[in-house]
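>>> how would this look folded up:
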Amino acid sequence: MTRKERYQYILDYFRRNAPDVGTELQFGSAFQLLCATLLSAQCTDKRINEVTPALFARYPTARAMAQAEPEDVLEYVHSVSYPNAKSRHLVEMARMLVNNYGGEVPSDPKELVKLPGVGRKTANVLQAVWFGKATMAVDTHVYRVSHRLGLVPRTANTPLKVEQHLMRDIPAADIPSAHHWLLLHGRYVCQSARPKCGECPFDTVCPKRLEGSKLE
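Presented below is the predicted three-dimensional model:
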């Protein structure tokens, strides 16, 4: 099976079986999505959804969080990974949004990545989920699944290279959904340590490129 045929097979399956896929993070605004995505790095969405209701009740907007100190926010996010750094980034991000963008989350990815704690992946999540743009956020799951399924060559050894290959080979209309398709497949089926190949709908076409499929 060629790579083009494999793309077609996999995308057709997801189109049929997960047409309305979306993020599992819970949020009520662009600012809250930005906070939740920042917090989700190296942490499960389930854990983030457990801590953000209280966090957003106390700090629902950038203007509210900008008045806090990192140690105030830390009380709400202490159970996530890297809580000290993330609480500091949240407060610094909120203050920058207020000071530079009137309290609103900018839609320009070049502006998004200027925010403390916001990298390309987080910016792409905002672009796709909130602003509805055709961007591909590459996290550990997307990186791993893309390699294992043979959607990208072995030389695509950085998140940016994986993103570029996926953006080139996936139709623009599918890209916002494709991020979630690959992410959720990695989260629940093609897991890092113990991939559930027996439950995978792509087992018969998967080249099983396990070596080098992790994002170190």
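>>> Using the record's assignment, carve the chain into domains.
Using the TED database, the domain parsing of the chain gives 30-130, 135-205.
>>> Tell me which of those sits nearest to Arg3.
Closest to Arg3 of the domains of the chain, according to Cβ to Cβ: domain 135-205, at 6.4 Å. (C-beta placed from N, C-alpha, C; glycine too.)
>>> which residue sits closest to Val138 in space, ignoring its chain neighbours?
Excluding its sequence neighbours, the residue lying closest to Val138 (Cβ to Cβ, 6 or more residues apart in numbering) is Pro159, at 4.1 Å.
>>> okay, now the one you found: neighbour count?
By other Cβ atoms under 10 Å, the residues close to Pro159 number 21.
>>> Need the pLDDT of it.
As predicted, Pro159 sits at a pLDDT of 93.
>>> right, and it touches Lys121 too?
Yes. Using Cβ atoms under 8 Å, Pro159 is in contact with Lys121, at 6.7 Å.
>>> shared neighbours of the two, anything?
Shared contacts of Pro159 and Lys121 (Cβ atoms under 8 Å, 6 or more residues apart in numbering): 138-139.
>>> low-confidence ranges in this protein?
Applying pLDDT under 70 to the chain flags residues 212-216.
>>> one more time with 80
Applying pLDDT under 80 to the chain picks out residues 210-216.
>>> Would you tell me which of the domains of the chain gets closest to Leu11?
domain 135-205 (6.1 Å).
>>> who touches the residue nearest to Val138 in this structure?
120-121, 138-139, 143, 215.
>>> before we move on, back to that, right, and the domains of the chain - which one's nearest Asn17?
domain 135-205 (7.9 Å).
>>> end-to-end on the closest one?
26 Å (Cα to Cα, to the nearest Å).
>>> roughly how far is that domain from the heart of the chain?
For domain 135-205, the separation from the chain centroid amounts to 12 Å (computed by Cα atoms, centre = their mean, to the nearest Å).
>>> picking up where we left off before, dump the contacts of Pro159 into CSV; add neighbour count, distance to Pro195 and secondary structure as well.
Formatted as CSV, the contacts of Pro159 follow (neighbours: other Cβ atoms under 10 Å; distance: Cβ to Cβ, whole Å; DSSP: H, G, I helix; E, B strand; the rest coil):
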residue, neighbour count, distance to Pro195, secondary structure
Arg120, 16, 26, helix
Lys121, 23, 22, helix
Val138, 27, 19, coil
Asp139, 22, 17, coil
Tyr143, 25, 14, helix
Leu215, 17, 15, coil
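>>> Could you save these as a markdown table and add columns showing distance to Met167?
Shown next, in a markdown table, are the contacts of Pro159 (distance: Cβ to Cβ, whole Å):
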| residue | distance to Met167 |
| --- | --- |
| Arg120 | 12 |
| Lys121 | 14 |
| Val138 | 10 |
| Asp139 | 15 |
| Tyr143 | 14 |
| Leu215 | 18 |
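>>> Pick out whichever of these sits closest to Lys196.
Distances from Lys196 to those, taken by Cβ to Cβ, are shortest for Tyr143, at 18.2 Å.
>>> I figured the closest one was touching Glu163, is that so?
No. Shown here, Tyr143 and Glu163 do not form a contact pair, counting by Cβ under 8 Å, at 9.3 Å.
>>> overlap in contacts of those two?
Between them, Tyr143 and Glu163 share no contacting residue, judged by Cβ under 8 Å, 6+ apart.
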